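Undergrad: Below: sequence and its predicted model.
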Amino acid sequence: DTGVSQDPRHKITKRGQNVTFRCDPISEHNRLYWYRQTLGQGPEFLTYFQNEAQLEKSRLLSDRFSAERPKGSFSTLEIQRTEQGDSAMYLCASSLAKRGLYEQYFGPGTRLTVT
Amino acid sequence: DQQVKQNSPSLSVQEGRISILNCDYTNSMFDYFLWYKKYPAEGPTFLISISSIKDKNEDGRFTVFLNKSAKHLSLHIVPSQPGDSAVYFCAAPIAGKLIFGQGTTLQVKP
């Protein structure tokens, strides 16, 4: 049983550079979520997809952030012109959209450090 | 606007004793709650949940209690084990996404 995977696990980049993260959800899950977690805080919602459609984006997701889920399978999160404030753990989760099912299953995260 | 709050950043208990982690919420629309556990360098893993139609849900050593009138829930771990040492988050789903508390770091001492 393959869980949610994320790549890379760690990314160090210089301010101003672009970075892209990948998430592979659990295969039968049709919903995919991106969260960001900073030190001492819980995960904060960024965006989510149902199949290939992006259904909601948080106001935390500035114009420099873009997420895609082509063909409703894996997803990518791109950050353009990174800033030091973007340093965080980026978590991906997936779930099955079904009435009464609320559990989301998380990947190990990608830790981004912007220097 | 912190809709889910965990006011205790840390908790330390002795192995074998009870651990009680608390969570408060402000949004009356929340009708389901989840607890997640997170080890360092790993993503959160689902632990236990409760629907607002119940006031208690038990799974092995883990029990979650919900007090709707007080907008409060708690997670009880009995007996606590050193392997339970982790960060615990409570969360509530709304509009498809999860709203998390800030987390409580539990340390269980042998």
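TA: Ah, there it is.

Undergrad: Please count neighbours and contacts with C-alpha atoms only from this point.
TA: OK.

Undergrad: right, and residue A:28 touches residue A:96 too?
TA: Yes. At 7.3 Å, residue A:28 counts as touching residue A:96 under the criterion of CA atoms under 8 Å.

Undergrad: When these two are compared, which one has more neighbours?
TA: Counted by other CA atoms under 10 Å in any protein chain shown, residue A:28 and residue A:96 do not tie: residue A:96 has more neighbours, with 18 against 10.

Undergrad: in the helix or strand that contains residue A:54, what's buried?
TA: In this structure, residue A:54 is located in strand A:53-57 according to DSSP states H and E. Across strand A:53-57, burial judged by 16 or more other CA atoms under 10 Å in any protein chain shown covers A:54, A:56-57.

Undergrad: roughly how far out does the lowest-mean-pLDDT helix or strand in chain A sit from the chain middle?
TA: Here the helix or strand of chain A ranked lowest by mean pLDDT, DSSP states H and E is strand A:53-57, holding a mean of 92. Offset of strand A:53-57 from its chain centre (CA atoms, centre = their mean, to the nearest Å): 12 Å.

Undergrad: Each with direction, which strands does it pair with?
TA: The strands beside strand A:53-57 in its sheet (DSSP bridges) come out as strand A:44-50 (antiparallel).

Undergrad: What parts of chain B come near chain A?
TA: B:34, B:41-46, B:89, B:93, B:97-103 (CA under 8 Å from any CA of the partner chain).

Undergrad: nearest to residue A:114, of those residues?
TA: Distance to residue A:114, by CA to CA, is smallest for residue B:41 among the residues of chain B next to chain A, at 18.2 Å.

Undergrad: Tell me who's in contact with residue B:19.
TA: Contact analysis of residue B:19 by CA atoms under 8 Å, 6 or more residues apart in numbering or on different chains lists B:13, B:75-80.

Undergrad: The same query, at a cut-off of 10 Å, please.
TA: Contact analysis of residue B:19 by CA atoms under 10 Å, 6 or more residues apart in numbering or on different chains lists B:11-13, B:62, B:74-81, B:84, B:106-108.

Undergrad: what do you get for residue A:45?
TA: Counting by CA under 10 Å, 6+ apart, residue A:45 has contacts A:33-37, A:56-61, A:91-92, B:97-100.

Undergrad: Report the buried members of these.
TA: A:33-37, A:56-57, A:91-92, B:97-100.

Undergrad: Among those, which one lies nearest to residue A:11?
TA: residue A:91 (13.3 Å).

Undergrad: Would you quantify the distance from the nearest residue to that closest one once chain neighbours are set aside to residue B:96?
TA: Sequence neighbours aside, residue A:109 is the residue nearest to residue A:91 in space, at 4.4 Å (criterion: CA to CA, 6 or more residues apart in numbering or on different chains). Distance of residue A:109 to residue B:96, computed by CA to CA, to the nearest Å: 20 Å.
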